[in-house]
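In: curious how this folds, go ahead:
(2 chains)
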Amino acid sequence: MYGKGLRALSLATFAALTATFALIFFYAPLDADQGFIQKIFYVHVPVAIVTLCAYVLGGIFAALHLKTHDRRWDLRSYVVIHIALIFNIIGLLTGAVWAKASWGHWWVWDEPTLVSFLIVFLLFATYQPLRFSIEDPERQARYAAVFAVMAGAFVPLNFAAVRAATSTVHPRTFGTADGGLPSQMAWVFVVAIAAIALLFALMCCYEIAAKQTRWQLRALRRRLLGSDAVAPLGRSAAPALGEPSRSAPREGGRGSYPAQAPS
Amino acid sequence: MSLLLAVAPALPLHEAGKYVAGAFVAFVGVIVIYVAIMGVRLQRMSRELTELNRALQAREQAETARAEAAGSAQR
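Out: All right, here's what the predicted structure looks like:
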């Protein structure tokens, strides 16, 4: 059934997050410059990295959907971008708190890293309304995939452009001329990235399992009680994998999934 | 745990502490909200599954009764 391995993944995520929090507060040394405030770095930066990687991953899944016309890739792309948006909000919130503590302002508009992260958030925030505005599931999946590919390609370009820009305020984590993080901090940072990535994967798996279970329930209800017993799906931004397509079926039937209940 | 706390350095929870706590609360808070939403969805699916189980049982009982009636009519 769906959600295979969820228990193991949940336990691994819980253990990794607990270990990360313990390492952050009891192992990682205090930063000589920022002191205790720098602890925010171990949450803020991994969340930001995972978010940006997830947007690129969403674009890759969308490209696979365009290539194969398999709507499972559309579902994966949708879920990855959906969870990445949640992580993006966490990144913005933790970043704002850190900025207030460190610079005295919740937000600094002349800082390229912050503004570019906000632009990426606003760009992907239009993904859901775009999907919602298209009623036909086939077209919705296709147009959303094109958007996700373009927006996913924008993320690394945007990242490179910001790195190239000269910034005097926002600190750099990797590849600085000064040498980067001390080894103790770097080790905790790597563990934090792994834990946050695990949390992201877990949330994606839960979301996909929940959606697939819901569709199977609808299909089961349709088989058991007839089509009249199933309320029609309203307009939704989420892909409708188990629902019969409202558009003409694609040649070979690859565009839509038959509504089948588990045998 | 007490051993860990004994060897751990004292955390400077003065001015900076509230900001660090705020950032971690924001992180955990958003995750908790997500988990709560998932919980509500799970409850809805559980209710629907119970309803379907009930409908299936009713259908099976009706089929059994029909089969028994047909069997007695043949005899």
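In: leaving out sequence neighbours, find the closest residue to residue A:93.
Out: Leaving aside its sequence neighbours, residue A:93 sits nearest to residue B:26 (Cβ to Cβ, 6 or more residues apart in numbering or on different chains; 4.1 Å). C-betas here are computed from N, CA, C, even on glycine.
In: find the closest residue to chain B in the stretch 51-200 of chain A.
Out: Relative to chain B, the nearest point of the stretch 51-200 of chain A is residue A:101 (3.6 Å; Cβ to the nearest Cβ).
In: spatially central residue in the chain, please.
Out: I'll assume chain A. Geometric centre of chain A, nearest residue: residue A:84, 2.0 Å, by Cα atoms, centre = their mean.
In: chain B, not that one
Out: Using Cα atoms, centre = their mean, the most central residue of chain B is residue B:39, at 4.3 Å.
In: picking up where we left off before, now name the helix or strand holding the residue nearest to residue A:93.
Out: The secondary structure element spanning residue B:26 is helix B:15-74 (assigned by DSSP states H and E).
In: just name whatever secondary elements that helix is in contact with.
Out: helix A:41-68, helix A:71-103, helix A:183-225 (3 or more Cβ pairs under 8 Å, 6 or more residues apart in numbering or on different chains; DSSP states H and E).
In: angle of that helix against helix A:183-225?
Out: With axes from the mean of the first three to the mean of the last three Cα atoms, to 10 degrees defining the directions, helix B:15-74 sits at 20 degrees from helix A:183-225.
In: how many neighbours does residue 67 have?
Out: Since no chain was named, I'll use chain A. 10 (other Cβ atoms under 10 Å in any protein chain shown).
In: wait, chain B
Out: Going by other Cβ under 10 Å, the residues that sit close to residue B:67 add up to 10.
In: would you mind listing what in the stretch 101-250 of chain A touches chain B?
Out: Counting by Cβ under 8 Å from any Cβ of the partner chain, the stretch 101-250 of chain A comes close to chain B at A:101, A:199, A:203, A:206-207, A:210, A:213-214, A:217, A:220-221, A:224-225.
In: so can I have JSON lines of the helices and strands packed on helix B:15-74 showing distance to residue B:64?
Out: Shown next, in JSON lines, are the helices and strands packed on helix B:15-74 (distance: least, Cβ to Cβ, whole Å):
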{"stretch": "helix A:41-68", "distance to residue B:64": "46"}
{"stretch": "helix A:71-103", "distance to residue B:64": "39"}
{"stretch": "helix A:183-225", "distance to residue B:64": "17"}
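In: closest to residue A:148 out of those?
Out: Shortest distance between residue A:148 and those, using Cβ to Cβ, is found for helix A:41-68: 3.6 Å.
In: other SSEs contacting that closest one?
Out: helix A:6-26, helix A:71-103, helix A:112-125, helix A:137-164, helix A:183-225, helix B:15-74.
In: deepest in the core, which of those helices is it.
Out: For the helices and strands packed on helix A:41-68, the largest average neighbour count (mean count of other Cβ atoms under 10 Å in any protein chain shown) is found in helix A:71-103, namely a mean of 22.
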